[in-house]
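Engineer: Quick one: sequence plus predicted model below, questions after.
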Amino acid sequence: MELIDIPANRCPPGANIVGLRSSDGMELRAAYWRPEGPPRGTVAIVQGRAEFIEKYFETIGELLERGFVVATFDWRGQGLSQRLLRNRAKDHVRRSTDFRRDLDAFIRRLLTPDCPKPWFALAHSMGAAALIDYCVAHDGDELFERIVALAPMIDLHGFPGSATARRLAAGFHALGLARLFVPGGRNRPPYHKPFAHNVLTGDPRRFARAAGILNLAPALGVGDPTIGWVHAAYHLMRRLTSQREVERIHTPILFVAAGDERLVSTPAIERFSVRLKTASCLVLRDARHEILMERAEIRSEFWAAFDAFIPGQRILHEAAQAAS
């Protein structure tokens, strides 16, 4: 349950490492940090597919500087949480509702006892979709004051987002092939592929940093997803896009989409944001999928939007004093 600290990617000081157990017995690695001085609240970082806590050290430091407690965890099947298959490189999940189990363990066993309110969420890709689905499953309960959803997995880009791809995944799954890689899938993590052909970030320095972490700590990485993971992802996305229950969510949500997106569908994110009464969508024109791993100028745009959207306890208190 340790955190991997390397010279190119220093762990922010004061980390508290926590082991969580989900309701179905999966062991999850989690961590939280406290800022110096009275906290403004808590930001929960909800990671995307194939990510891990160490990848967010830079973002965690930036949130600590803003005065927030920061908490995050590794999903089952990735990072240093429990893997589901003998081949650790296969990114696998058995069913789409397992994401809810992991979030429930994180919220009940880390946020509730250890992290002050107000709670905010900064969620990425698969994690953003899973968090919205969790909120829907809890009848729109306003667990978080506000949510920032980065490139959420509402639908996939290109052929993976097509009806044909969905039917193929369902067919392979029905044949008992859930544990196999998707066709063409490999053990190699996304950051072990050449920068020139990557669809994640336009920043060579942050790309190299992520690759360096995985070179020194290969146990953190996963390769391509399994058919089971893809089948579960399609179920998750279908719930979000086809069920009217999603419109019960009243938590303010800022969707931040990537203009140079090649993994999820930015048009689908824009359409989805219109369905929610308290949501808005910002598209960062030159960004690729991993906005927090992007070039400095793109990250500056993101942080300007974040700071305008996420008020902390002190800001709310100051606003109340100014109004009185």
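Structural biologist: Yep, it's here. Residues are numbered from 1 along each chain as shown.
Engineer: Can you tell me the SS state at Val70?
Structural biologist: strand (DSSP: H, G, I helix; E, B strand; the rest coil).
Engineer: Ile45 is in contact with that one, correct?
Structural biologist: Yes: between Val70 and Ile45 a contact is recorded at 6.6 Å, counting by C-beta atoms under 8 Å. From N, CA and C alone the C-beta is placed, and that goes for glycine too.
Engineer: And the helices in the stretch 201-324 of the chain, which stretches?
Structural biologist: 204-216, 227-242, 266-275, 296-309, 313-323 (DSSP state H, counting those that start in this stretch).
Engineer: contacts for the first one?
Structural biologist: Under the contact criterion C-beta atoms under 8 Å, 6 or more residues apart in numbering, helix 204-216 has outside partners 4, 6, 8-9, 54-55, 58, 189, 191-192, 195, 198, 200-201, 220-221, 293-294.
Engineer: tell me the mean pLDDT over it?
Structural biologist: Helix 204-216 comes out with an average pLDDT of 95.
Engineer: before we move on, the earlier item: which one of the helices of the stretch 201-324 of the chain has the poorest average confidence?
Structural biologist: helix 313-323 (a mean of 52).
Engineer: Around Phe144, how many other residues sit close by?
Structural biologist: Phe144 has 24 neighbouring residues, counting by other C-beta atoms under 10 Å.
Engineer: ok, Ala296 - contacts?
Structural biologist: Asp203.
Engineer: mind running it again at 10 Å?
Structural biologist: Asp203, Arg205, Arg206 (C-beta atoms under 10 Å, 6 or more residues apart in numbering).
Engineer: can you check Gln47 too?
Structural biologist: 53, 55-56, 72-75, 78-79, 122-128, 130.
Engineer: And Thr241, by the same measure?
Structural biologist: Ile154, Asp155, Ala268, Arg271, Phe272, Arg275.
Engineer: Which of the residues you listed ranks first by neighbour count?
Structural biologist: Of these, with other C-beta under 10 Å as the count, Ile154 tops at 26 neighbours.
Engineer: From Tyr32, how far off is it?
Structural biologist: Using C-beta to C-beta, to the nearest Å, Ile154 is found at 28 Å from Tyr32.
Engineer: What of Ala129?
Structural biologist: From Ala129 to Tyr32 the distance is 23 Å (C-beta to C-beta).
Engineer: more neighbours, those two?
Structural biologist: Ala129 (27 against 21).
Engineer: where's the more buried one, which helix or strand?
Structural biologist: Take DSSP states H and E as the rule and Ala129 turns out to sit in helix 126-137.
Engineer: And that helix, what does it pack against?
Structural biologist: strand 42-46, helix 98-106, strand 119-124, strand 146-150, helix 227-242, strand 253-258, helix 266-275 (3 or more C-beta pairs under 10 Å, 6 or more residues apart in numbering; DSSP states H and E).
Engineer: what stretches of the stretch 1-150 of the chain score poorly on pLDDT?
Structural biologist: 140-141 (pLDDT under 70).
Engineer: Of the contacts of Ala296, just the buried ones, PyMOL syntax please.
Structural biologist: Command for PyMOL that selects the buried part of those, burial taken from 16 or more other C-beta atoms under 10 Å:
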select buried, resi 203+206
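Engineer: Name the nearest of the contacts of Ala296 relative to Pro116.
Structural biologist: The shortest approach to Pro116 among those belongs to Arg206, at 30.3 Å (C-beta to C-beta).
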